[in-house]
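1. prediction below, plus the sequence it came from.
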Amino acid sequence: MKLTINKNSAKWMQLPRDVLVGHGVLEEVGDVCRDLKLKGNALIVTGSTTQDVAGKRVSRLLEDAGNSTETVLTCRATMEEVDKLMEKALNTEATFLLGVGSGRSIDLAKLASTRLEIPFISVPTAASHDGIASSRASVIDNGKNASIQAQAPLAVIADTEIISAAPYRFLAAGCGDIISNYTAVLDWELASRLRNEYFGEYAAALSRMAARVVIENADSIKPDHETSARLVVKALVSNGVAMSIAGSSRPASGSEHMFSHALDRIAPKAALHGEQCGVGTIMMMYLHGGNWQEIRDALKKIGAPTNAEELGIEDKYIIEALLQAHSIRPDRYTILGNGLTLSAAEKVARITKVIN
Ligand SMILES: NC(=O)C1=CN([C@@H]2O[C@H](COP(=O)(O)OP(=O)(O)OC[C@H]3O[C@@H](n4cnc5c(N)ncnc54)[C@H](OP(=O)(O)O)[C@@H]3O)[C@@H](O)[C@H]2O)C=CC1
Ligand SMILES: O=C(CO)COP(=O)(O)O
Ligand SMILES: [Zn+2]
């Protein structure tokens with residue numbers, strides 16, 4: 001028997017230590033820091049909207065708990081912003097960072113704290129993708145979108161009162177990111193069969209389970225509904241755990257993510273990450289010969305986009321992204337193989353009703 005060795009696997013699985021999900025848990029931020037022995041100066045990384053949604057409150061709560069705080073407002077997820085944050089953290093002698101907001105603020109705090117080798121806490125204000133609890137970060141580096149291995153948050157504080165009050169589009173996008181686990185795992189299995197790549201049964205099972213839970217509950221995921229926010233946040237946290245166990249993003253990112261990453265590069269105005277991944281999953285499931293209609297129906301029930309028009313992206317960019325997707329990450333083997341022909345790309349997009 002030939003053994004496969006997980007060359008990508010992390011030497012140890014880095015997981016958040018405290019995960020708080022529920023109504024009003026933001027109030028616990030001081031206690032969480034105490035529990036984790038985080039003392040001294042906190043640097044809060046947030047955005048112009050999210051500072052009012054949660055950032056200012058986090059600052060007040062931490063100061064009440066005896067910490068001093070500085071706040072930095074971010075507007076772009078770039079490596080230059082990471083450098084600026086690191087400088088600010090060093091100048092203010094920050095002992096830990098908090099990312100308060102959605103993907104951009106959390107990723108910037110994640111990367112800056114990783115490089116400074118100090119802890120960080122993730123405080124999502126929207127459940128738009130699984131970066132809220134994972135050890136991956138996405139930023140623009142030298143003009144290109146880069147997915148980088150980083151540290152996992154030491155704690156995740158996901159207040160469902162705040163998350164359910166965010167624009168519903170974010171929660172629906174989070175569902176798209178979770179549903180995409182189905183094709184990500186199919187791609188991973190394929191790579192294991194065709195390339196003898198390491199396949200992690202446990203991480204794959206966890207990943208599939210999160211997607212199944214969201215699909216089975218698609219009817220009950222609704223706007224302004226804390227139970228929906230709680231379900232989606234838990235599935236997103238579980239995705240972060242699956243990636244940590246795998247030591248890579250394989251359980252949650254396959255050909256459908258490569259399609260989304262290609263759209264980010266090509267489309268003049270990209271949609272949300274999870275929205276693009278959801279539409280990608282419909283098409284990649286068709287290529288896998290699976291039940292793409294089930295994916296489409298679930299996304300429709302949730303109220304997430306299922307076609308180019310709903311993404312706000314012209315058909316020609318969908319086709320171009322399908323043609324370029326395989327080259328986004330040449331070392332990640334997927335159903336896209338060495339690439340689709342133009343006629344195959346048009347066929348999958350038409351049959352699955354992504355374009356007319
Ligand atoms: N680490 C990972 O695995 C992944 C990372 N990403 C990265 O995450 C980023 C995209 O994240 P995403 O969350 O989709 O978008 P953004 O972080 O860009 O947030 C979108 C907007 O939503 C606003 N917002 C957030 N929460 C609320 C709220 N409660 N009420 C009102 N407005 C709110 C933000 O405000 P404000 O301006 O105040 O922040 C921002 O303007 C990209 O940088 C992408 O590369 C994407 C996928 C995976
Ligand atoms: O978005 C992700 C998982 O949902 C992260 O995956 P990537 O490795 O493609 O950035
Ligand atoms: Zn994703």
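-> Received it, and whenever you're ready, just let me know what you need. Numbering: from 1, shown residues only. Ligands and ions are numbered 1, 2, ... in the order given.

2. around ligand 3, which positions in the stretch 1-150 of the chain sit nearby?
-> Within the stretch 1-150 of the chain, the positions near ligand 3 by C-beta under 5 Å from the ion are residue 129. Using the backbone N, CA and C atoms, a C-beta is placed for each residue, glycine as well.

3. give me that answer again for 8 Å
-> Near ligand 3, the residues belonging to the stretch 1-150 of the chain are 129, 130, 131 when assessed by C-beta under 8 Å from the ion.

4. what residues are up against the nearest residue in space to the last one that is not next to it in sequence?
-> The spatial neighbour of residue 131 that comes closest, neighbours along the chain excluded (C-beta to C-beta, 6 or more residues apart in numbering), is residue 103 at 5.4 Å. Residues touching residue 103, when contacts are defined by C-beta atoms under 8 Å, 6 or more residues apart in numbering, comprise 77, 128, 129, 131, 132, 138, 273.

5. reformat these as JSON lines; add pLDDT and neighbour count.
-> Output for the contacts of residue 103, formatted as JSON lines (pLDDT from 0 to 100; neighbours: other C-beta atoms under 10 Å):
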{"residue": "77", "pLDDT": "94", "neighbour count": "20"}
{"residue": "128", "pLDDT": "97", "neighbour count": "28"}
{"residue": "129", "pLDDT": "95", "neighbour count": "28"}
{"residue": "131", "pLDDT": "96", "neighbour count": "28"}
{"residue": "132", "pLDDT": "97", "neighbour count": "29"}
{"residue": "138", "pLDDT": "91", "neighbour count": "21"}
{"residue": "273", "pLDDT": "97", "neighbour count": "24"}
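
6. residue in the stretch 151-300 of the chain with the shortest distance to ligand 1?
-> residue 166 (3.2 Å; C-beta to the nearest ligand atom).

7. what's the burial count for the residue of the chain found nearest ligand 3?
-> Across the chain, the shortest distance to ligand 3 (C-beta to the ion) belongs to residue 177, at 4.3 Å. A count of nearby residues for residue 177, using other C-beta atoms under 10 Å, gives 34.

8. on contacts alone, who are the packing partners of the strand or helix carrying it?
-> Per DSSP states H and E, residue 177 falls inside helix 168-179. When contacts are defined as 3 or more C-beta pairs under 8 Å, 6 or more residues apart in numbering; DSSP states H and E, helix 168-179 sits against helix 201-216, helix 226-246, helix 273-287, helix 292-302.

9. ok, which of those helices comes nearest residue 17?
-> Residue 17 sits nearest to helix 226-246 of all these, at 12.3 Å, using C-beta to C-beta.

10. write out the residues of the stretch 251-356 of the chain neighbouring ligand 1.
-> Contact residues, the stretch 251-356 of the chain versus ligand 1 (C-beta under 6 Å from any ligand atom): 272, 273.

11. which stretches of the stretch 251-356 of the chain form helices?
-> 255-266, 273-287, 292-302, 308-311, 315-324, 342-351 (DSSP state H, counting those that start in this stretch).

12. okay, those in JSON lines with distance to residue 34 next?
-> Converted to JSON lines, those look like this (distance: least, C-beta to C-beta, whole Å):
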{"stretch": "helix 255-266", "distance to residue 34": "38"}
{"stretch": "helix 273-287", "distance to residue 34": "34"}
{"stretch": "helix 292-302", "distance to residue 34": "38"}
{"stretch": "helix 308-311", "distance to residue 34": "44"}
{"stretch": "helix 315-324", "distance to residue 34": "47"}
{"stretch": "helix 342-351", "distance to residue 34": "53"}
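
13. now, of those, which is deepest in the fold?
-> Mean neighbour count (mean count of other C-beta atoms under 10 Å) peaks for helix 273-287 among the helices of the stretch 251-356 of the chain, with a mean of 28.

14. quick one: the strand or helix carrying residue 190 near ligand 3?
-> Assigning secondary structure by DSSP H and E places residue 190 in helix 181-195. No: Helix 181-195 stays clear of ligand 3 (C-beta under 8 Å from the ion), getting no nearer than 8.7 Å.

15. and that helix, what's buried?
-> By neighbour count on 16 or more other C-beta atoms under 10 Å, the buried set for helix 181-195 is 181, 182, 183, 184, 185, 186, 187, 188, 190, 191, 192.

16. name the nearest residue to residue 133, ignoring sequence neighbours.
-> Nearest non-adjacent residue to residue 133, counting by C-beta to C-beta, 6+ apart: residue 240, 3.3 Å away.

17. and the one you found, how many neighbours does it have?
-> Residues contacting residue 240 under the criterion other C-beta under 10 Å number 25.

18. any idea how far residue 279 is from it?
-> To residue 279, residue 240 is 23 Å away according to C-beta to C-beta, to the nearest Å.

19. one more: residue 238?
-> Distance, residue 238 to residue 279, using C-beta to C-beta: 23 Å.

20. if we can go back for a sec, in TSV, list the helices and strands packed on helix 168-179 along with distance to residue 94.
-> Below are the helices and strands packed on helix 168-179 laid out as TSV (distance: least, C-beta to C-beta, whole Å):
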stretch	distance to residue 94
helix 201-216	33
helix 226-246	24
helix 273-287	28
helix 292-302	39
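
21. mind checking which of those helices is nearest residue 92?
-> Short answer: helix 226-246, nearest of the helices and strands packed on helix 168-179 by C-beta to C-beta, at 28.1 Å.

22. figure out how far the closest one is from the centre of its chain.
-> Relative to the chain's own centre, helix 226-246 is displaced by 10 Å; criterion: C-alpha atoms, centre = their mean, to the nearest Å.
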